[in-house]
Structures are given as C-alpha cells and as structure tokens.
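K.L.:
what follows is a predicted structure for the sequence shown.
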Amino acid sequence: MFVIGIDLSGPSNHKDTAAAFFELAGEELKLLSLESGLSDAGILKLVQKTNGFPLAIGIDSPLSYNDGGGDRPSDRWFRKEMVKHGLRSSSIMPPTLTKMVYLTMRGISLAALFERVRSDIRIAEVHPGAAMMTRLSDMEKEHGLLYKKSSESRTYLLQWFESQNISGISLEHGLTPHEIDAVAAAMAVRDWIFSAPQAIFPKQPPHHPYDFLC
C-alpha cells in the first residue's frame, strides 16, 4: 500500500506545495520521495505511480466549505480539541476566510481530480500541526510550535519522526516547514488506515465528504 501526505498551498503558489510519498510496510512508513514546488500535474503524477495498488492520501487543506461561510462543524470541534494539546486556535481557520479561499478551492479541486482517476482511493483532510502536537510529549511540544521558524526544531522533528516508525528521511539535509507538514500528514493518514488517528471528525456527506483528522 502507498501513502501520500500533501501540504497544499494556493493554486498560484506551487513553491510552498510539498508531497511526501511513502510505501506502507506493516506499520512502517518508508519514504520513497519528498518533493516541493509541485503543481497539480506534479501531484497527479505521484498518484498515478500507484495505479494498481491501494493508496491513501492526506491533504492539508479544507476539502469542503460551510454553506453560508464561516466554520464548518469540524472546524469548531477541532479547534476546541486541539487547544487542549497546546495548538494555537488560529491554526484552524474557516475555509471561506479571505486568506483561505484559494487554498480551499485547490483542495476541493484536487480531491475531485484524484477520485476521477482512482475510484478506489482513500482521501482525508488532515491537520499536520495537530498530528504532531497530539503525539509529542509535553516536553517536546515546543518544537511542534516553533518548527516553521526554527531550524533547530525542524532538526528535532526529523529525528522524532523515526520514533514514529517513519524511515528513509535524510538527517543530513534539513527539511522545509512544508516538507515537515507533508510527512506529518502522511503519518496521520497511516494511523487512520489502522483506525487509530489521534482525533477525527467523521465525514458528513454530501456537503462534507471527507474525514478531518490528525
């Protein structure tokens, strides 16, 4: 089975889009590739590499929006729960917020595209920051809050990923915050496959067709 974690940015910002592509061997995620600067076509190529094999994808982007705007039920629930783990409430924003709307549009479009080319694909909306904060110990949570600005925290998280049964990440070359998020998204999806996510708001089709988890 294959797992892809995607840290998505808006449709005109390929530079900040990263994807971590893993083979799932037992419960171990074995890194096959980690790429940044991906267009929709670039991400689709990764998906098509897995044709004929089971695939699960975690996307760090809203994959639906609330009719009328504002928070979805999942956003309100997730924000309340993640604050308990030390996550900043501002990290979970309404999908139709001005700074989020283009990301939401790209996320919804990509999820639909994946399902058009792979009818058997499993897709979840993930929050990589929450995935890390719910697994880091209290003494380690500082790194989960600072990694976007601190290279020291990113280095720490690279080593910590190994303790989470994730292999193949080079410790010699530091990852960008977006690549860290892509790996964390894959980690959350791996646990979802085994019915053991740290937190999950179940899908509510037809308007909210994907689980939101970490």
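P.N.:
Good, I have the coordinates.
K.L.:
rest of the way, CA atoms for contacts and neighbours
P.N.:
Noted.
K.L.:
pLDDT value on the residue nearest the centre of the chain, please?
P.N.:
Note on the chain: the residue nearest the mean C-alpha position is residue 185, at 3.0 Å, using CA atoms, centre = their mean. The model reports residue 185 with a pLDDT of 98.
K.L.:
mind checking how far it is from residue 205?
P.N.:
Separation of residue 185 from residue 205 (CA to CA, to the nearest Å) stands at 22 Å.
K.L.:
please enumerate the strands of the protein.
P.N.:
For the chain, the strands defined by DSSP state E occupy 2-7, 18-25, 28-36, 55-60, 122-126, 166-167, 200-201, 212-213.
K.L.:
which other helices and strands contact the second one?
P.N.:
Looking back up the chat, that one is strand 18-25. Judged by 3 or more CA pairs under 8 Å, 6 or more residues apart in numbering; DSSP states H and E, strand 18-25 is in contact with strand 2-7, strand 28-36, helix 177-193.
K.L.:
report the buried residues of the last one.
P.N.:
Of the residues in helix 177-193, those with enough neighbours to count as buried (16 or more other CA atoms under 10 Å) are 177-190, 192.
K.L.:
so where is the chain shaky, pLDDT-wise?
P.N.:
The chain contains residues with pLDDT under 70 at 173.
K.L.:
quick revisit: so what's the residue nearest to the centre of the chain up against?
P.N.:
5, 6, 7, 58, 59, 60, 126, 127, 128, 131, 214 (CA atoms under 8 Å, 6 or more residues apart in numbering).
K.L.:
what's the residue of the chain positioned farthest from its centre in contact with, if anything?
P.N.:
Within the chain, residue 68 marks the point farthest from the mean C-alpha position, 25.7 Å out by CA atoms, centre = their mean. Contacts for residue 68 (CA under 8 Å, 6+ apart) come out as none.
K.L.:
one more: the one 10 residues further on?
P.N.:
Contacts here follow CA under 8 Å, 6+ apart; on that basis residue 78 touches 92, 201.
K.L.:
check residue 47 too.
P.N.:
Taking CA under 8 Å, 6+ apart, we find residue 47 in contact with residue 114.
K.L.:
now with 10 Å?
P.N.:
Listed by CA atoms under 10 Å, 6 or more residues apart in numbering, the contact set of residue 47 reads 2, 3, 4, 21, 41, 55, 56, 57, 114, 117, 118, 121.
K.L.:
can you give me the neighbour number for the fifth one?
P.N.:
Residue crowding around residue 41 was assessed by other CA atoms under 10 Å; the count is 10.
K.L.:
okay, it and residue 47: tell me how far apart.
P.N.:
On the measure of CA to CA, residue 41 and residue 47 end up 10 Å apart.
K.L.:
repeat that for the last one.
P.N.:
Summarising the geometry, the distance separating residue 121 from residue 47, computed by CA to CA, is 9 Å.
K.L.:
can you check the second one too?
P.N.:
Residue 3 sits 10 Å away from residue 47, going by CA to CA.
K.L.:
same deal with the first one?
P.N.:
Computed as CA to CA, the residue 2 to residue 47 distance reads 9 Å.
K.L.:
now do the shared contacts for these two.
P.N.:
By the contact definition CA under 10 Å, 6+ apart, residue 2 and residue 47 are jointly contacted by 21, 55, 56, 57.
K.L.:
residue contacts, residue 181?
P.N.:
Counting by CA under 10 Å, 6+ apart, residue 181 makes contact with 5-8, 17-20, 59-60, 126-129, 131-132, 147-148, 175, 187.
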